[in-house]
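1. quick one, fold the following:
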Amino acid sequence: MSDPESAILSALSAEEGSTIADTYAFAASHNFDHNQVVGVSKSLEGDAYVTLKELSTQFFILQKEANDISTNGSQEVRVLNALVKAGDAGLSIPALQQEVGKDISKIGMGNCLKNKWAKKDKASGNLIAVVSEAKDDVREQLAALQAANGDPKALDDKAVQALKRRKLISLVTRKSYTVSRGPDYKPKRVKKAADLTKEMLDSGSYKTTTFKEYNFQTLGESVGGGYLHPLLKVRAEFRKILMQMGFEEMPTSKWVESSFWNFDSLFQPQSHPARDAHDTFFIKEPAATVSVPEDYYERVKTMHESGGSGSIGYRYDFKREEAFKNLLRTHTTAISSQMLYKLANQEGGFQPARYFSIDRVFRNETMDATHLCEFHQVEGLVADYDLSLGDLIGTIETFFKKIGITKLRFKPAFNPYTEPSMEIFGYHPDLKKWTEIGNSGMFRPEMLAPMGLPENVRVIAWGLSLERPTMIKYRIDNIRNLFGHKVDLAMTRNAPICRFEGGEEEEKQQQ
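-> The predicted structure follows:
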């Protein structure tokens with residue numbers, strides 16, 4: 001069996017004026033799918049091999065109930081036959097339903113009474129046949145439609161309307177085409193090249209190759225503009241606020257860190273649970289870092305093993321292989337420790353500084369409405385002489401007030417590298433509860449002393465996720481609707497501009 005394209009072109013090749021009168025009949029005669037024939041015809045029309053003229057054919061098709069009537073007769077005739085068979089006593093409605101079926105009885109009984117083929121006995125309530133036989137007009141009408149292949153002209157309008165009211169037939173419109181030769185008709189189509197290739201130039205075949213015409217009037221596909229994700233909008237506002245507060249941004253583009261900078265330099269013991277694989281993502285290749293500052297490494301090792309600055313340390317054997325393991329950073333404090341080390345050892349000595357960072361961190365956590373294993377951390381630190389916990393609380397309150405979160409609570413906490421330490425809670429108006437939004441504290445002397453910072457220098461620091469303030473700002477109650485594969489792209493496109501203009505207006509909204 002030839003393919004539809006060859007069959008169409010062959011049918012048109014007989015003589016100059018050859019046509020295919022109807023693609024539907026053509027497809028049926030060649031055992032082709034009609035949709036396939038139409039698709040090929042339109043493709044040939046695009047290359048000017050043929051021209052198409054649309055045809056519209058209407059016909060009736062029989063529904064399932066109509067097919068049953070064509071086989072077994074209409075419901076009213078079947079009810080009449082059952083009543084005639086029952087004799088003069090007739091049948092009660094339950095007996096009739098048992099005889100012909102409930103559905104047939106319901107339709108047939110009404111039509112029998114309407115046509116006066118039967119009557120209801122007042123005394124017994126039975127249905128009794130009035131005539132012994134009747135012509136099955138419905139069955140004959142359906143047979144006539146079938147014989148005419150559904151042609152509406154096979155029945156008069158009254159009969160058609162009656163069948164449509166009973167939902168026995170439905171009108172269908174079939175689209176097909178008349179196919180004629182086009183201006184570029186050939187018995188076999190030669191595919192036109194869309195592009196001029198290097199191979200054509202090398203061989204010279206481009207001279208005889210037929211190319212598709214270029215339509216220089218066609219507009220290109222519309223390109224939608226890019227949209228900033230709500231996280232990026234909030235990040236931009238946070239950066240502006242922190243810079244207004246005098247903070248300098250730290251370089252945080254390196255996601256992979258060594259355990260030394262991520263844990264050891266922060267005076268976090270090598271046996272700490274956070275350093276287990278179920279809490280941290282370790283790198284398989286390369287598994288270990290190349291180097292760290294050796295003099296600093298030795299001071300950190302000594303602090304862990306035997307202490308200093310009033311501390312007795314952790315009293316364990318500090319392992320180099322553990323310190324050199326590579327991992328996806330669990331916090332941007334890994335960058336903070338490097339910046340403080342550089343600050344302590346810069347030319348000219350220590351100078352007070354304020355640093356901040358906003359970047360991605362990774363933790364192997366169980367995901368829920370407020371936690372992801374990949375999120376963004378906002379961190380700020382101030383290094384200066386003789387700072388206190390009051391300075392930390394004041395700085396945190398100033399920052400959060402600027403981003404519109406005025407309901408804050410502080411809870412004592414433990415961190416290996418800060419003492420004292422505090423968890424920061426903010427009230428979420430939609431979750432109707434206090435949500436942890438950050439952590440804070442003063443870096444311990446055991447962390448700062450090995451860096452070489454002056455003895456009376458204190459460093460206050462706080463960190464929070466970017467996601468949770470964004471959730472509060474945009475009234476999002478599930479973090480997975482903000483970041484990850486479940487995010488609605490329309491939300492990104494329609495999210496309003498993020499503006500923080502102090503906390504007074506935001507406080508009124510939360511109340």
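
2. contacts and neighbour counts: CA atoms only from here.
-> Fine.

3. mind checking which helix or strand of the protein has the lowest mean pLDDT?
-> Least confident helix or strand, the chain: helix 504-510 with a mean of 45, by mean pLDDT, DSSP states H and E.

4. got the residue ranges for the strands in this protein?
-> All strands of the chain, identified by DSSP state E, fall at 19-20, 50-62, 118-120, 127-129, 169-181, 248-249, 256-258, 326-328, 353-362, 374-385, 408-415, 418-428, 433-443, 457-465.

5. closest to residue 142 out of those?
-> Of all the strands of the chain, it is strand 50-62 that lies closest to residue 142, at 7.8 Å by Cα to Cα.

6. parallel or antiparallel, which strands does the closest one pair with?
-> Within its sheet, and counting by DSSP bridges, strand 50-62 is paired with strand 169-181 (antiparallel).

7. just the buried positions in the partner strand, please.
-> For strand 169-181, a neighbour-count test (16 or more other Cα atoms under 10 Å) marks 169, 176, 177, 178, 179, 180, 181 as buried.

8. contacts for that strand?
-> Outside strand 169-181, the residues that touch it by Cα atoms under 8 Å, 6 or more residues apart in numbering are 12, 16-24, 38, 41, 49-63, 66, 163-164.

9. can you check stretch 462-477 too?
-> Surrounding stretch 462-477, the residues in contact under the criterion Cα under 8 Å, 6+ apart are 230-231, 234-235, 358, 369-370, 375-381, 396, 428-431, 437-441, 478-479, 482.

10. and that stretch, average pLDDT?
-> The pLDDT scores in stretch 462-477 average 82.

11. repeat for stretch 137-156
-> 91.

12. if you count neighbours, what's buried in it?
-> For stretch 137-156, a neighbour-count test (16+ other Cα under 10 Å) marks 138, 139, 141, 142, 143, 145, 146, 150, 151, 154, 155 as buried.

13. how far off centre is that stretch?
-> How far stretch 137-156 lies from its chain's middle: 51 Å, per Cα atoms, centre = their mean, to the nearest Å.

14. now do the same end-to-end measure for that stretch.
-> 13 Å (Cα to Cα, to the nearest Å).

15. now for the nearest residue in space to residue 40 that is not next to it in sequence, how many residues are close by?
-> Leaving out its chain neighbours, the residue that sits closest to residue 40 by Cα to Cα, 6 or more residues apart in numbering is residue 5, at 6.1 Å. Each residue near residue 5 was counted by other Cα atoms under 10 Å, and the total is 19.

16. my guess is residue 5 meets residue 39, correct?
-> No. Look at residue 5 against residue 39 with Cα atoms under 8 Å: they stay out of range, at 9.7 Å.

17. return the residues in contact with residue 439.
-> Contacts of residue 439 by Cα under 8 Å, 6+ apart are 421, 422, 423, 424, 462, 463, 464.

18. actually residue 100, sorry about that
-> Residue 100 is in contact with 78, 79, 82, counting by Cα under 8 Å, 6+ apart.

19. which of the strands of the chain sits most buried?
-> The highest average neighbour count among the strands of the chain, using mean count of other Cα atoms under 10 Å, belongs to strand 127-129 at a mean of 25.

20. which helices and strands sit right next to that strand?
-> helix 75-86, strand 118-120 (3 or more Cα pairs under 8 Å, 6 or more residues apart in numbering; DSSP states H and E).

21. out of these, flag the one nearest residue 450.
-> Nearest of the helices and strands packed on strand 127-129 (Cα to Cα): helix 75-86, 98.9 Å.

22. export the closest one to CSV, keeping only CA atoms.
-> These are the backbone C-alpha positions of helix 75-86, laid out as CSV (Å, rounded to 0.1, in the frame of the first residue of the first chain):
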residue,chain,number,x,y,z
GLN,A,75,-39.8,0.9,23.5
GLU,A,76,-43.5,1.7,22.8
VAL,A,77,-43.9,-1.2,20.4
ARG,A,78,-42.1,-3.6,22.8
VAL,A,79,-44.5,-2.5,25.6
LEU,A,80,-47.5,-2.9,23.3
ASN,A,81,-46.4,-6.4,22.4
ALA,A,82,-46.1,-7.3,26.0
LEU,A,83,-49.6,-6.0,26.8
VAL,A,84,-51.1,-7.8,23.8
LYS,A,85,-49.4,-11.0,25.0
ALA,A,86,-50.9,-10.5,28.5
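
23. for it, buried residues please.
-> Buried residues in helix 75-86 (16+ other Cα under 10 Å): 75, 76, 77, 78, 79, 80, 81, 82, 83, 84.
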